[in-house]
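In: Compute the structure for the input listed below.
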Amino acid sequence: KGSFSGAVRDEPGFVRASSGVTLLLDEIGDLPLSSQAALLRVLQEGEVVPVGSTRAIPVDLRVVAATHQPLEALAARGAFRSDLLARIDGFTFSIPPLRERREDTGLIVADILSAVSLATAPLKLAPDVGRALFRYAWPLNIRELRHCLARGVALARETGVLELEHLPKSVALAAGAFAQADAGEVLVDEDARLRAQLDMLLTEHEGNVAEVARAMGKARMQLHRWMKRFALDPGKYRR
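Out: Residues are numbered from 1 along each chain as shown. The predicted structure follows:
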(Lines give C-alpha, C1' and ligand atoms only; values in the text may rest on other atoms or scores of the structure.)
Protein backbone atom coordinates (compact mmCIF):
# COMPACT_ATOMS: atom_id res chain seq x y z
CA LYS A 1 0.00 0.00 0.00
CA GLY A 2 1.33 3.41 -1.03
CA SER A 3 4.35 2.02 -2.90
CA PHE A 4 3.11 3.44 -6.22
CA SER A 5 0.19 5.48 -7.58
CA GLY A 6 -3.07 3.58 -7.22
CA ALA A 7 -1.79 1.13 -4.60
CA VAL A 8 -4.55 1.77 -2.09
CA ARG A 9 -4.36 -1.58 -0.27
CA ASP A 10 -1.89 -4.37 0.50
CA GLU A 11 -1.92 -7.31 -1.92
CA PRO A 12 0.11 -10.49 -1.38
CA GLY A 13 0.83 -11.17 -5.08
CA PHE A 14 0.68 -14.53 -6.83
CA VAL A 15 3.97 -15.86 -5.42
CA ARG A 16 3.14 -15.15 -1.78
CA ALA A 17 -0.45 -16.32 -2.26
CA SER A 18 0.91 -19.63 -3.64
CA SER A 19 3.18 -20.31 -0.68
CA GLY A 20 2.40 -23.79 0.56
CA VAL A 21 0.58 -24.76 -2.64
CA THR A 22 1.21 -24.72 -6.41
CA LEU A 23 1.81 -21.75 -8.73
CA LEU A 24 1.00 -22.19 -12.44
CA LEU A 25 3.12 -20.08 -14.78
CA ASP A 26 1.56 -20.18 -18.25
CA GLU A 27 3.64 -19.35 -21.35
CA ILE A 28 6.86 -19.11 -19.36
CA GLY A 29 8.80 -19.09 -22.64
CA ASP A 30 7.50 -15.56 -23.29
CA LEU A 31 8.78 -14.24 -19.94
CA PRO A 32 11.20 -11.28 -20.40
CA LEU A 33 14.79 -11.86 -19.30
CA SER A 34 14.47 -9.32 -16.47
CA SER A 35 11.50 -11.21 -15.05
CA GLN A 36 13.32 -14.50 -15.52
CA ALA A 37 16.06 -13.24 -13.21
CA ALA A 38 13.49 -12.32 -10.55
CA LEU A 39 11.77 -15.71 -10.84
CA LEU A 40 15.11 -17.51 -10.62
CA ARG A 41 15.84 -15.73 -7.33
CA VAL A 42 12.45 -16.77 -5.93
CA LEU A 43 13.07 -20.41 -6.82
CA GLN A 44 16.72 -20.39 -5.79
CA GLU A 45 16.43 -18.52 -2.50
CA GLY A 46 12.86 -19.39 -1.57
CA GLU A 47 11.97 -15.76 -0.87
CA VAL A 48 10.40 -12.73 -2.51
CA VAL A 49 10.70 -8.99 -1.88
CA PRO A 50 7.28 -7.29 -2.23
CA VAL A 51 7.02 -4.07 -4.25
CA GLY A 52 7.82 -1.13 -1.99
CA SER A 53 9.47 -3.30 0.65
CA THR A 54 13.12 -3.83 1.59
CA ARG A 55 12.59 -7.08 3.50
CA ALA A 56 12.50 -10.50 1.86
CA ILE A 57 9.61 -12.78 2.78
CA PRO A 58 10.17 -16.58 2.69
CA VAL A 59 7.94 -18.62 0.39
CA ASP A 60 7.59 -22.35 -0.14
CA LEU A 61 5.82 -23.25 -3.34
CA ARG A 62 5.70 -25.80 -6.13
CA VAL A 63 5.86 -24.44 -9.68
CA VAL A 64 4.17 -25.86 -12.77
CA ALA A 65 5.24 -24.09 -15.96
CA ALA A 66 3.64 -24.38 -19.40
CA THR A 67 4.91 -23.18 -22.76
CA HIS A 68 4.58 -23.67 -26.50
CA GLN A 69 8.16 -22.49 -27.00
CA PRO A 70 11.22 -24.78 -27.42
CA LEU A 71 12.94 -23.73 -24.19
CA GLU A 72 16.17 -25.63 -24.91
CA ALA A 73 16.53 -23.83 -28.26
CA LEU A 74 15.75 -20.48 -26.62
CA ALA A 75 18.34 -21.13 -23.94
CA ALA A 76 20.93 -22.07 -26.57
CA ARG A 77 20.58 -18.67 -28.25
CA GLY A 78 20.35 -16.70 -25.00
CA ALA A 79 16.64 -15.87 -25.14
CA PHE A 80 15.88 -17.94 -22.04
CA ARG A 81 18.10 -18.34 -18.99
CA SER A 82 19.69 -21.77 -18.88
CA ASP A 83 19.95 -21.64 -15.07
CA LEU A 84 16.21 -20.95 -14.82
CA LEU A 85 15.52 -23.81 -17.22
CA ALA A 86 17.55 -26.08 -14.98
CA ARG A 87 15.47 -25.01 -11.97
CA ILE A 88 12.07 -25.66 -13.56
CA ASP A 89 12.99 -28.76 -15.59
CA GLY A 90 12.16 -31.37 -12.95
CA PHE A 91 9.51 -33.35 -14.81
CA THR A 92 8.47 -32.61 -18.38
CA PHE A 93 5.15 -33.65 -19.90
CA SER A 94 4.70 -32.98 -23.61
CA ILE A 95 1.28 -32.67 -25.23
CA PRO A 96 1.61 -33.32 -28.99
CA PRO A 97 -0.19 -30.91 -31.35
CA LEU A 98 -3.49 -32.03 -32.87
CA ARG A 99 -1.87 -32.88 -36.21
CA GLU A 100 0.23 -35.52 -34.45
CA ARG A 101 -2.71 -37.21 -32.69
CA ARG A 102 -5.46 -37.28 -35.28
CA GLU A 103 -6.89 -40.43 -33.69
CA ASP A 104 -8.11 -38.18 -30.85
CA THR A 105 -9.94 -35.76 -33.18
CA GLY A 106 -13.35 -37.41 -32.80
CA LEU A 107 -13.24 -37.41 -29.00
CA ILE A 108 -12.04 -33.80 -28.84
CA VAL A 109 -14.66 -32.60 -31.33
CA ALA A 110 -17.44 -34.34 -29.39
CA ASP A 111 -16.24 -32.79 -26.14
CA ILE A 112 -16.07 -29.28 -27.61
CA LEU A 113 -19.46 -29.59 -29.30
CA SER A 114 -21.09 -30.58 -26.02
CA ALA A 115 -19.62 -27.42 -24.45
CA VAL A 116 -20.41 -24.90 -27.21
CA SER A 117 -23.76 -26.25 -28.47
CA LEU A 118 -26.82 -24.54 -27.02
CA ALA A 119 -29.33 -26.69 -28.90
CA THR A 120 -31.48 -29.21 -27.07
CA ALA A 121 -31.08 -31.78 -29.86
CA PRO A 122 -27.55 -33.02 -30.67
CA LEU A 123 -25.91 -31.34 -33.64
CA LYS A 124 -25.23 -33.57 -36.64
CA LEU A 125 -22.04 -33.36 -38.71
CA ALA A 126 -22.13 -33.79 -42.49
CA PRO A 127 -19.65 -36.47 -43.71
CA ASP A 128 -17.42 -33.97 -45.55
CA VAL A 129 -17.22 -31.88 -42.36
CA GLY A 130 -15.80 -34.88 -40.52
CA ARG A 131 -13.20 -35.36 -43.27
CA ALA A 132 -12.23 -31.68 -43.15
CA LEU A 133 -11.84 -31.69 -39.36
CA PHE A 134 -9.70 -34.82 -39.56
CA ARG A 135 -7.48 -33.71 -42.45
CA TYR A 136 -6.83 -30.11 -41.42
CA ALA A 137 -3.44 -29.53 -39.74
CA TRP A 138 -4.78 -27.22 -36.95
CA PRO A 139 -1.67 -25.02 -36.64
CA LEU A 140 -3.25 -23.17 -33.69
CA ASN A 141 -4.31 -26.42 -32.02
CA ILE A 142 -7.26 -26.64 -29.59
CA ARG A 143 -8.05 -22.91 -29.62
CA GLU A 144 -8.46 -22.95 -33.39
CA LEU A 145 -10.61 -26.09 -33.30
CA ARG A 146 -12.82 -24.66 -30.55
CA HIS A 147 -13.30 -21.38 -32.43
CA CYS A 148 -14.05 -23.27 -35.66
CA LEU A 149 -16.73 -25.42 -34.01
CA ALA A 150 -18.26 -22.51 -32.09
CA ARG A 151 -18.65 -20.64 -35.37
CA GLY A 152 -20.13 -23.72 -37.06
CA VAL A 153 -22.63 -24.28 -34.25
CA ALA A 154 -23.82 -20.69 -34.49
CA LEU A 155 -24.33 -20.93 -38.27
CA ALA A 156 -25.94 -24.37 -38.17
CA ARG A 157 -28.38 -23.59 -35.36
CA GLU A 158 -31.44 -23.39 -37.63
CA THR A 159 -30.88 -26.65 -39.54
CA GLY A 160 -29.19 -28.67 -36.80
CA VAL A 161 -26.65 -30.00 -39.34
CA LEU A 162 -23.10 -28.69 -39.47
CA GLU A 163 -22.20 -28.35 -43.16
CA LEU A 164 -18.90 -27.62 -44.91
CA GLU A 165 -20.06 -24.08 -45.68
CA HIS A 166 -20.28 -23.38 -41.93
CA LEU A 167 -16.54 -23.93 -41.47
CA PRO A 168 -13.77 -21.37 -42.08
CA LYS A 169 -12.50 -21.53 -45.65
CA SER A 170 -9.05 -22.80 -44.64
CA VAL A 171 -10.63 -25.76 -42.81
CA ALA A 172 -13.20 -26.50 -45.51
CA LEU A 173 -10.45 -26.77 -48.14
CA ALA A 174 -8.99 -29.72 -46.25
CA ALA A 175 -11.99 -31.79 -47.37
CA GLY A 176 -10.93 -31.32 -51.00
CA ALA A 177 -14.20 -29.54 -51.76
CA PHE A 178 -15.00 -26.41 -53.73
CA ALA A 179 -14.00 -23.07 -52.21
CA GLN A 180 -16.15 -20.00 -52.61
CA ALA A 181 -13.97 -17.20 -53.95
CA ASP A 182 -14.98 -13.60 -54.51
CA ALA A 183 -15.07 -14.04 -58.27
CA GLY A 184 -17.00 -17.31 -58.15
CA GLU A 185 -16.40 -20.95 -57.48
CA VAL A 186 -12.80 -22.13 -57.82
CA LEU A 187 -11.61 -25.69 -57.63
CA VAL A 188 -8.60 -25.89 -55.34
CA ASP A 189 -6.44 -28.85 -56.37
CA GLU A 190 -4.18 -30.97 -54.24
CA ASP A 191 -1.08 -28.98 -55.24
CA ALA A 192 -2.58 -25.74 -54.00
CA ARG A 193 -3.62 -27.37 -50.74
CA LEU A 194 -0.16 -28.87 -50.26
CA ARG A 195 1.58 -25.58 -51.03
CA ALA A 196 -0.67 -23.74 -48.57
CA GLN A 197 0.10 -26.32 -45.88
CA LEU A 198 3.84 -26.02 -46.51
CA ASP A 199 3.65 -22.24 -46.38
CA MET A 200 1.72 -22.36 -43.11
CA LEU A 201 4.11 -24.83 -41.44
CA LEU A 202 7.24 -23.04 -42.68
CA THR A 203 5.85 -19.85 -41.18
CA GLU A 204 4.99 -21.60 -37.91
CA HIS A 205 8.43 -23.23 -37.60
CA GLU A 206 10.36 -20.21 -38.95
CA GLY A 207 11.83 -22.08 -41.92
CA ASN A 208 13.05 -25.09 -39.90
CA VAL A 209 12.70 -27.85 -42.50
CA ALA A 210 13.36 -30.64 -39.97
CA GLU A 211 10.47 -29.46 -37.77
CA VAL A 212 8.14 -29.13 -40.78
CA ALA A 213 9.06 -32.65 -41.93
CA ARG A 214 8.37 -33.97 -38.44
CA ALA A 215 5.00 -32.17 -38.32
CA MET A 216 3.96 -33.66 -41.67
CA GLY A 217 5.42 -37.10 -40.99
CA LYS A 218 7.57 -36.89 -44.12
CA ALA A 219 11.27 -37.25 -44.92
CA ARG A 220 13.32 -34.06 -45.24
CA MET A 221 14.26 -35.01 -48.81
CA GLN A 222 10.57 -35.06 -49.73
CA LEU A 223 10.15 -31.60 -48.17
CA HIS A 224 13.05 -30.27 -50.24
CA ARG A 225 11.49 -31.68 -53.42
CA TRP A 226 8.17 -30.02 -52.63
CA MET A 227 9.80 -26.68 -51.76
CA LYS A 228 11.71 -26.73 -55.06
CA ARG A 229 8.52 -27.60 -56.92
CA PHE A 230 6.54 -24.76 -55.31
CA ALA A 231 9.48 -22.28 -55.29
CA LEU A 232 9.42 -21.97 -51.50
CA ASP A 233 12.64 -20.73 -49.90
CA PRO A 234 12.86 -21.72 -46.21
CA GLY A 235 15.38 -18.92 -45.65
CA LYS A 236 12.65 -16.32 -46.22
CA TYR A 237 10.68 -17.71 -43.26
CA ARG A 238 13.52 -17.35 -40.78
CA ARG A 239 13.45 -14.43 -38.40
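In: I would like the residues contacting stretch 210-224, please.
Out: 97, 99-100, 137, 197-198, 201-202, 204-205, 209 (Cβ atoms under 8 Å, 6 or more residues apart in numbering). Heads up, the C-betas are built off the backbone N, CA and C, glycines and all.
In: What segments of the protein are helices?
Out: With DSSP state H applied, the chain shows helices at 13-17, 33-45, 71-76, 82-88, 105-116, 127-135, 141-155, 169-172, 190-204, 209-216, 220-229, listed in chain order.
In: can you tell which of those helices is closest to Val64?
Out: With Cβ to Cβ as the measure, helix 82-88 is the member of these nearest Val64 (9.0 Å).
In: Which residues are in contact with Asn141?
Out: 97-98.
In: Go again with 10 Å.
Out: Taking Cβ atoms under 10 Å, 6 or more residues apart in numbering, we find Asn141 in contact with 68, 95-99.
In: now Ala65
Out: With contact set as Cβ under 10 Å, 6+ apart, Ala65 has these partners: 23-29, 31, 39, 71, 84-85, 87-90, 92.
In: Put the buried members of those into a PyMOL selection.
Out: When burial is assessed using 16 or more other Cβ atoms under 10 Å, the buried subset of these is captured in PyMOL by this command:
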select buried, resi 23+28+29+31+39+71+84+85+87+88
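In: where does this structure have low pLDDT?
Out: 2-3, 118-121, 177-190 (pLDDT under 70).
In: If we use 50, what do you get?
Out: Confidence mapping of the chain against pLDDT under 50 gives the ranges 177-188.
In: Can you tell me, leaving aside adjacent residues, what's nearest to Ile28?
Out: Leaving aside its sequence neighbours, Ile28 sits nearest to Ala65 (Cβ to Cβ, 6 or more residues apart in numbering; 4.2 Å).
In: Quick one: closest of the helices of the chain to Val161.
Out: Proximity to Val161, assessed across those by Cβ to Cβ, is greatest for helix 127-135 (8.9 Å).
In: so how far is Glu27 from the residue nearest to Leu84 when sequence neighbours are not counted?
Out: Spatial nearest neighbour of Leu84, excluding adjacent residues (Cβ to Cβ, 6+ apart): Leu40 at 4.6 Å. Taking Cβ to Cβ, to the nearest Å as the measure, Leu40 falls 17 Å from Glu27.
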